[in-house]
Structures are given as C-alpha cells and as structure tokens.
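Engineer: Next comes the sequence, and after it the predicted model I'd like to discuss.
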Amino acid sequence: MQRKIRVLVGKPGLDGHDRGAKVVAAALRDAGMEVIYTGLHQTPEQIVEAAVQEDVDVVALSILSGAHMRLFPEVIELMRQRGVGDRLLTGGGIIPPEDVETLAKLGVGRLFGPGSSTQDIARYIREWFVGVHGEGSLAPLPVQPAGAQTDLFEGAAHGPRPSPAPAKLDAHHARTAKSAARSRASKAAKQRTGKAAKQAAKSRAGRTAKQAAKPRAGKTPKRKPAVRGAKPGRALKRARPVTRAKAAKRPAKRAARRR
Ligand code: B12
C-alpha cells in the first residue's frame, strides 16, 4: 500500500534554536511528508511518547545546544523500550563529525549540520523509507509549481555555502554578556571624564571649552617679536627697519636735544 512518510520533528532540552527545526519541518512537508513538530523544550520522554502516539516512521531531532551526546542516546534507548526502535532516528544541528561517528555506532541515522540542503535531508528520509518498506510503498511526490523554491539551502548542490548566520547575530555570539557590560562601563567612564574636562576648562577660563581652544577675538596672542625692539603683541606688524639716512641724522638730533 502506498502512503506518506510520517515524521516527528523534535526539539529536546533547553535549546531555543528553533529556526533549523522549522525550516526542515516545512521542507519535509513540501516534499510530501506528514510532519508533526513538537515545539521547543521537550524531554526525551515527551518526544518518544509523541512518536508512539502518532505512529511516526521517523523521529528527527534538532539540537544546537551541544547536548546531543546525551539526548540522542537517551531518545534511542527510550524508542527501543517503547517498541519503536525499528523507526529511523535522525536529525541535525551543531554536531561535530567525531560525535556523528559515535552516535552512528549507537544506531542513530545520518545527522545534518549547518548549510545542509533540505532536499538532501528529504532524499535521505525517502531512501530510508523505500529501503525498509520496499519500492512502491511511497505515495507519489507532490508536483512543484514551476519556479517554486524547492530548497531553502541549495548549498550542497552548488558547493559549500557561507555561514547561514547574519553578521550581526555572529557578533551577538562573539560578545558575551560580561564583555558587553565591561564595554558599557568603560564607555560611561569616558563620557564622565569628557564632561569633567569640559567643566574644568570652563571654570579656568570663565568661558566654554570650545571658546578656550580659540584665541580671544580682537587680541593677538603674545609672540616673540620678529624684529628686536618691536613691542610684544604687535609682532605680526613688523617694525620698520632703520634706514642709513635716518641713522646718519640721529647724532645731530641728539646734540640738538642736549642743547
Ligand atoms: C540564529 C542563532 C541564534 C538565535 C536563535 C533564533 C532561533 N529562534 O532559532 C538566538 C539569538 C536566539 C541565539 C541564542 C543563543 N545561541 Co545561537 N546561534 C544562532 C546562529 C547564528 C544561527 C542558527 C540558525 O538559525 N541557523 C539557520 C538554520 C536554518 O540552520 P541550522 O539551525 O543550523 O539548521 C540546519 C542544520 O543544522 C540542519 N538541522 C537543524 N535542525 C535539524 C533537524 C533535523 C530533523 C534535520 C534533519 C536537520 C536539522 O539542517 C538545517 C538546514 O541546513 C548559530 C551559528 C551558526 N552559524 O549556526 C548560533 C549558535 C547555534 N548559537 C550558539 C549559542 C552558544 C547561543 C547562546 C547560548 C548564546 C548565549 N550565550 O546566549 C543562545 C542560546 C539560546 C537558547 N535559548 O538556546 C552557538 C552554539 C554552540 C554549540 N552548540 O556548540 C552557535 C553555534 C554560535 C557559535 N558559533 O557559538 N542563537
């Protein structure tokens, strides 16, 4: 008998990253599967209970919290205990390759990391189902309308794609709450010292710090006279040099003054 594949997409643990789970759930639905999404913060017991109640073919977990080495073994153990150990347990998230190998030895299926093609995920599940239930067990695939976006992440088909993370979100992770608080504190301190410096300059000069930086209007700053004898403050107006003719007249002038 032909039928649709039934998939339970689960988010176990305290992991709040639900974007990947939602993207995969939508892609599997678009690929003609019946998908049930558990929502966030489910325990392994809740997930396996839902799998039994819904009689799914596949339990697909999304784990980006780093707790995959605890959660996958727990779920597969519970699946065996509840008599659904013959179903596929697969999933994805942030899972290092060495952990993927260890989990495969425990019986966990293929795991998909960031940048995985959702078409690859759907193909893998379909192939597993046909392998277990035989050719002809699968209901015909839905016909995609012309020009429809069949894969949100086509990276796998066109080579590796850049990180799916928007730059500002990566920046969010790069900065811990502690370093953010530290940078806020130093910024506030800088603002304080800036204010204090302005106030000090204001009280010293009786003017604003801005005005203090400029020379006072109408007054030339005191400079060393460019010509000997010139008065300070008049430096910019060069003193007229004494000519020879004037110098020759001087002794006669002095003598006349003495008389
Ligand atoms: C967006 C994001 C967030 C968002 C989450 C928004 C949301 N509602 O999902 C916010 C800002 C809330 C967030 C918070 C945190 N985040 Co964050 N986050 C990311 C980021 C930048 C992108 C994740 C994402 O949405 N990708 C897009 C989706 C579509 O891709 P994906 O989830 O990887 O899914 C693909 C595959 O993984 C796979 N897949 C995923 N799930 C499933 C399920 C199945 C069944 C299958 C088959 C396949 C599959 O297929 C998908 C399609 O390709 C990643 C870094 C990264 N580049 O991956 C960090 C990252 C996941 N976050 C991280 C961390 C540490 C945190 C915080 C703990 C930070 C903090 N100190 O507060 C918190 C934890 C919040 C919580 N409550 O859990 C770390 C995790 C480290 C680890 N596990 O080793 C990462 C890797 C950043 C890093 N480099 O350190 N985060």
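Structural biologist: Perfect, thanks for sending it.
Engineer: can you give me the mean pLDDT across the strand or helix carrying V24?
Structural biologist: Element membership of V24, judged by DSSP states H and E, is helix 19-30. Taken as a whole, helix 19-30 carries a mean pLDDT of 98.
Engineer: Partner strands of the following helix or strand past that helix and their direction?
Structural biologist: Next in sequence after helix 19-30, counting helices and strands by DSSP H and E, comes strand 34-37. Each strand paired with strand 34-37, and its direction, by DSSP bridges: strand 6-10 (parallel).
Engineer: what's the partner strand in contact with?
Structural biologist: When contacts are defined by CB atoms under 8 Å, 6 or more residues apart in numbering, strand 6-10 is touched by residues 21, 24-25, 28, 33-38, 42, 47, 50-51, 54-62, 75, 125. All C-beta spots, glycine's among them, are computed from the backbone N, C-alpha and C.
Engineer: So is that strand next to the ligand?
Structural biologist: Yes - contact of strand 6-10 with the ligand (CB under 6 Å from any ligand atom) involves V9.
Engineer: Can you show me the strands along the stretch 1-150 of the chain?
Structural biologist: Using DSSP state E, counting those that start in this stretch, the strands of the stretch 1-150 of the chain run over residues 6-10, 34-37, 58-63, 88-93, 111-112.
Engineer: what about the ones you listed, which gets the closest to R257?
Structural biologist: Nearest to R257, of all those, is strand 88-93, at 106.4 Å by CB to CB.
Engineer: Give me the helices and strands touching that closest one, please.
Structural biologist: Contacts defined by 3 or more CB pairs under 8 Å, 6 or more residues apart in numbering; DSSP states H and E place strand 88-93 against helix 19-30, strand 58-63, helix 68-81, strand 111-112, helix 118-133.
Engineer: so does that strand get close to the ligand?
Structural biologist: Yes - contact of strand 88-93 with the ligand is found when judged by CB under 6 Å from any ligand atom, involving 90-93.
Engineer: give me the subset of the contacts of strand 6-10 touching the ligand.
Structural biologist: Within these, those near the ligand by CB under 6 Å from any ligand atom are 21, 24, 60, 62.
Engineer: Show me what the third one is bridged to.
Structural biologist: With DSSP bridges as the criterion, the beta-bridge partners of A60 are V9, T90.
Engineer: T118 versus M69, what's the distance?
Structural biologist: Using CB to CB, to the nearest Å, one gets 25 Å for the distance from M69 to T118.
Engineer: Between the two, tell me which one has more neighbours.
Structural biologist: Remark: of M69 and T118, T118 carries more neighbours, 23 against 15, as counted by other CB atoms under 10 Å.
Engineer: Correct me if wrong: the more buried one contacts R29.
Structural biologist: No - taking CB atoms under 8 Å as the definition, T118 is not a contact partner of R29, at 10.7 Å.
Engineer: May I see the buried residues of the helix holding V24?
Structural biologist: 20-21, 23-25, 27-30 (16 or more other CB atoms under 10 Å).
Engineer: Out of these, which comes closest to the ligand?
Structural biologist: The nearest member of the buried residues of helix 19-30 to the ligand, counting by CB to the nearest ligand atom, is G20 at 2.3 Å.
Engineer: contacting residues around the closest residue to that closest one other than its chain neighbours?
Structural biologist: Once flanking residues are discounted, G20 sits nearest to S62: 5.2 Å by CB to CB, 6 or more residues apart in numbering. Residues near S62 by CB under 8 Å, 6+ apart: 9-11, 15, 17-18, 20-21, 24, 91-93.
Engineer: Out of those residues, which end up buried?
Structural biologist: Looks like the contacts of S62 have 9-11, 15, 18, 20-21, 24, 91-93 buried, using 16+ other CB under 10 Å.
Engineer: can you list these in a markdown table and add distance to M1?
Structural biologist: Below are the buried ones among the contacts of S62 laid out as a markdown table (distance: CB to CB, whole Å):
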| residue | distance to M1 |
| --- | --- |
| V9 | 25 |
| G10 | 27 |
| K11 | 32 |
| D15 | 37 |
| D18 | 34 |
| G20 | 33 |
| A21 | 30 |
| V24 | 27 |
| G91 | 28 |
| G92 | 30 |
| G93 | 34 |
